[in-house]
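Undergrad: give me the fold of what follows.
(one chain, ligands or ions: 2)
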Amino acid sequence: MDVVLLGAPGAGKGTQAQILVKHFGYVQISTGDLLREHRNTGSELGKAAEGYMKRGELVPDDLIIAMVEGELKDGAPVLFDGFPRTVAQAKALDALLQSRGRGLPGAIYFQIERSLLEERLLGRWTNPRNGRVYHSKFNPPVVAGIDDEDGGPLVQREDDKPDTIKRRLDVFESQTMPLVEFYEDGNINRLIAIDATESVDDVTHTLIHALRLEHGH
Ligand code: AP5
Ligand code: MG
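TA: Ligands and ions are numbered 1, 2, ... in the order given. Here you go, the predicted structure:
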């Protein structure tokens, strides 16, 4: 089943998506990672998105929906990371998956209080080549500033600054939180809330249980 990872900036969506991709055969579609790639290559979409991202605001729905449509391939189940973020995007995703003969997605809500998120974001270091995420305190690389796998440099994200973090959290609360109700609504509750304050390993175990996954390797 395709799964939407829903949660505030810094809740751990990208971290967990990468683990589940490695061990359980999912494909990750991270709209944030895709937009950063577009920005880095200077594509038209990248240029259109850049200002919104810098300010910590949402990129317009039509651009995002078209981008996801282009990324969705038949086959392996998808983890949608950071998408949808508005009710319009969630409705568009349901329609898109149904038009491709896939079922409606489930949603996992990463529940965590706002006060913990700034520290997570200020300590984050990312591999810009593949989106791999570290934290200087909670999940450090073996050598500070260097990726464990490809040996290249890690960077801090341009939007991980106190003012922009605050704006991103405000935007999450006003525009994305309504999706909790969207996925709980109707006759079928499609949402599972998990405790995202636990350690990375504990959250992974919760997800394995919630998604009824068998441990592969
Ligand atoms: P995006 O890249 O999606 O950023 P975000 O939503 O702000 O989410 P983050 O990536 O910051 O958080 P995460 O939950 O992935 O946390 P992570 O695992 O890294 O979007 C960026 C921008 O692009 C948006 O602001 C917007 O402009 C645009 N955009 C993207 N999608 C869009 C859409 N659909 N519509 C419109 N605009 C869109 O973890 C964070 C840190 O915490 C890391 O350092 C990690 O090591 C650490 N950590 C993770 N888990 C734990 C744990 N359990 N305990 C301790 N530390 C942990
Ligand atoms: Mg992320």
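
Undergrad: state the three-state secondary structure for the residue in the chain positioned nearest to ligand 1.
TA: Per C-beta to the nearest ligand atom, G32 is where the chain lies closest to ligand 1, at 1.8 Å. For every residue, glycine as well, the C-beta is placed using N, CA and C. Counting by DSSP: H, G, I helix; E, B strand; the rest coil, the backbone at G32 sits in helix.

Undergrad: contacting residues for it?
TA: G14, D81, G82 (C-beta atoms under 8 Å, 6 or more residues apart in numbering).

Undergrad: let's have those residues in CSV, adding pLDDT, secondary structure and neighbour count.
TA: As requested, the contacts of G32 are exported to CSV (pLDDT from 0 to 100; DSSP: H, G, I helix; E, B strand; the rest coil; neighbours: other C-beta atoms under 10 Å):
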residue, pLDDT, secondary structure, neighbour count
G14, 97, helix, 22
D81, 98, strand, 26
G82, 98, coil, 23
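
Undergrad: so which of those residues are also by ligand 1?
TA: G14, G82 (C-beta under 6 Å from any ligand atom).

Undergrad: ok, for the residue most central in space within the chain, nearest residue in space, not its chain neighbours?
TA: The chain has D81 as the residue nearest its centroid, 2.8 Å off, counting by C-alpha atoms, centre = their mean. Once flanking residues are discounted, D81 sits nearest to S30: 4.0 Å by C-beta to C-beta, 6 or more residues apart in numbering.

Undergrad: low pLDDT regions in the chain?
TA: 186, 215-217 (pLDDT under 70).

Undergrad: spell out which parts of it neighbour ligand 1.
TA: Counting by C-beta under 6 Å from any ligand atom, the chain sits next to ligand 1 at 7, 9-15, 31-32, 35, 52-53, 56-59, 64, 82-85, 89, 120-121, 123-124, 133-135, 138-139, 159, 168, 198-200, 203.

Undergrad: who are the neighbours in contact with the residue nearest to D195 when sequence neighbours are not counted?
TA: Computed as C-beta to C-beta, 6+ apart, the closest residue to D195 that is not its neighbour in sequence is Q111, at 6.0 Å. Residues in contact with Q111 (C-beta under 8 Å, 6+ apart) are G7, A193, I194, D195, A196, T197.

Undergrad: please report phi then psi for Q111.
TA: Torsion angles at Q111 (phi, psi; degrees, to the nearest 10) stand at phi -90, psi 120.

Undergrad: can you give me the distance of it to L179?
TA: For Q111, the distance to L179 equals 13 Å [C-beta to C-beta, to the nearest Å].

Undergrad: again with E69
TA: E69 is 19 Å from L179, by C-beta to C-beta.

Undergrad: so which of the two has more stuff around it?
TA: For E69 and L179, the more surrounded residue by other C-beta atoms under 10 Å is L179, and the numbers stand at 20 against 13.

Undergrad: ok but that one is inside a helix, no?
TA: Yes - per three-state DSSP, L179 lies within a helix segment.

Undergrad: you'd agree it is up against A8?
TA: No - at 11.8 Å, L179 does not count as touching A8 under the criterion of C-beta atoms under 8 Å.

Undergrad: before we move on, back to that, farthest-apart pair in the contacts of Q111, please.
TA: A193 and T197 (12.1 Å; C-beta to C-beta).

Undergrad: could you pull out the strands in the chain for me?
TA: All strands of the chain, identified by DSSP state E, fall at 3-7, 27-30, 78-81, 106-111, 124-126, 133-135, 191-195.
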